[in-house]
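In: Build me a structure from this.
(one chain, ligands or ions: 1)
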Amino acid sequence: MRSQQLNLDQYDTDKIPNGLMSRYDVMFEPWVDEEMTLLELGIHRGGSLKLWRDYFRRGTIVGVDIKIPESHTPADRVLTFEGSQTDRAFLSQVANAGAPQGFDIIIDDASHIGEWTKTAFWHLFDNHLKPGGVYVIEDWPAGYWSDWPDGKELDLDKHLAQGPPVQLRSAGDGLWTRFMKRLRRKRPLACHSHGMVGFVKQLVDEQAAADVTRKSLRNEPGRSSKFESLLIGPSQVFVAKAKTAPGDSARATPDAPSTSETGPAGRSNTTS
Ligand SMILES: C[S@@+](CC[C@H](N)C(=O)[O-])C[C@H]1O[C@@H](n2cnc3c(N)ncnc32)[C@H](O)[C@@H]1O
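Out: Numbers count the residues shown, from 1 in each chain. All right, here's what the predicted structure looks like:
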């Protein structure tokens with residue numbers, strides 16, 4: 001495990017006390033010795049950028065923050081850019097400067113606001129993440145916190161309570177038909193969908209794109225998913241990008257940019 005080869009005490013990032021490294025070790029293992037590029041949204045005091053620089057021996061590490069602290073000092077193999085994760089033109093400028101071939105890994109540890117995270121995700125995932133790359137969304141459970149700007153608390157016991165079971169008045173011939181008729185009333189299960197939690201649930205829909213687009217069991221899928229896999233952990237969501245584009249990938253996602261991505265947006269602070 002790569003993180004166990006480092007002195008983790010030297011890095012000022014809550015990823016370590018919050019126990020995120022064990023899952024990162026598993027997911028990032030293929031890139032540890034590769035010439036790779038990683039983008040992290042959300043720099044704070046810069047501790048995680050230093051961690052990733054040491055973690056990936058030959059990696060180029062790119063950081064973005066809406067406000068880079070004055071105390072931040074440039075470092076070898078680390079590029080930083082000031083701007084917002086909601087500014088798609090700015091994000092493309094960052095990508096073109098730091099990873100013109102696309103990023104291998106993107107981590108979103110910035111606002112943890114559902115809509116903003118979604119904007120950055122679809123733009124970066126579609127346009128600036130390599131096929132086979134991994135996009136990580138940290139702290140997605142913020143959507144369950146009542147004191148988070150777009151979060152809302154959930155009464156889990158009530159939420160998971162069992163409704164009355166589907167009752168059949170008589171058994172015998174036709175039982176299966178009657179059972180299916182009752183199920184076809186299609187009442188949805190209760191679903192919490194605020195903030196980051198709602199966004200993650202939309203990712204589930206994309207993972208199921210083949211079945212979403214065939215609409216019924218009788219039809220062929222319209223397209224496959226853009227995702228190879230979706231792994232939801234306690235604090236991190238890992239989205240692995242499919243190695244080949246979905247059959248009908250030409251269709252743009254609702255948030256995909258339609259205008260040119262030029263023009264200055266943000267301050268760049270680079271060293272090499
Ligand atoms: C949790 S901290 C990042 C911590 C850092 N990744 C680490 O592990 O040490 C979140 C950062 O996201 C930045 N941020 C908040 N909203 C943002 C936005 N819309 N665009 C870019 N950065 C944002 C904040 O300024 C803050 O520095």
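
In: which residues does the nearest residue to Gly19 once chain neighbours are set aside contact?
Out: Nearest residue to Gly19, sequence neighbours excluded (C-beta to C-beta, 6 or more residues apart in numbering): Ser235, at 7.8 Å. Where C-beta positions appear, they are placed from N, C-alpha and C, glycine not excepted. Ser235 makes contact with 18-20, 138-141 under the criterion C-beta atoms under 8 Å, 6 or more residues apart in numbering.

In: Next, give me the two most distant ones among the residues you listed.
Out: Among those, the pair separated by the greatest distance (C-beta to C-beta) is Gly19 and Trp140, at 15.2 Å.

In: Who does Leu39 form a beta bridge with?
Out: Counting by DSSP bridges, Leu39 is bridged to Val62, Ile106.

In: In which helix or strand does Leu51 reside?
Out: Secondary structure from DSSP states H and E places Leu51 in helix 47-55.

In: What of Arg58?
Out: Arg58 belongs to no helix or strand, assigned by DSSP H and E.

In: Then Ser229?
Out: strand 227-232.

In: Return the list of helices and strands in contact with the helix or strand following that strand.
Out: Note on strand 227-232: by DSSP H and E, the next helix or strand toward the C-terminus is strand 236-241. Here strand 236-241 touches helix 21-28, strand 129-138, helix 195-207, strand 227-232, going by 3 or more C-beta pairs under 8 Å, 6 or more residues apart in numbering; DSSP states H and E.

In: switch the cut-off to 6 Å
Out: strand 129-138, strand 227-232 (3 or more C-beta pairs under 6 Å, 6 or more residues apart in numbering; DSSP states H and E).

In: Comparing those, which comes out most buried?
Out: Among the helices and strands packed on strand 236-241, ranked by average contacts under mean count of other C-beta atoms under 10 Å, first place goes to strand 129-138 (a mean of 21).

In: Show me which residues of whatever helix or strand comes next after that one are buried.
Out: Heading C-terminal from strand 129-138, the first helix or strand you meet, by DSSP H and E, is helix 156-160. By 16 or more other C-beta atoms under 10 Å, helix 156-160 has no buried positions at all.

In: Kindly report the same for stretch 92-99.
Out: 92-95, 98-99.

In: any idea which of the residues you listed is closest to Ser225?
Out: Ala95 (22.7 Å).

In: now that closest one: how far from Pro131?
Out: Ala95 is 15 Å from Pro131, where distance means C-beta to C-beta, to the nearest Å.

In: Can you give the distance of stretch 5-25 from its chain's centre?
Out: 19 Å (C-alpha atoms, centre = their mean, to the nearest Å).

In: Show me which residues of that stretch are buried.
Out: 11, 13, 15-16, 20-21, 23-24.

In: What parts of this structure come near the ligand?
Out: By C-beta under 6 Å from any ligand atom, the residues of the chain that approach the ligand are 13-15, 40-44, 47-48, 64-67, 84-86, 109-111, 116.

In: Now, these that are in helices?
Out: 47-48, 116 (DSSP state H).

In: Give me the contacts around stretch 153-161.
Out: With C-beta atoms under 6 Å, 6 or more residues apart in numbering as the test, stretch 153-161 has contacts from 144, 146, 190, 192.
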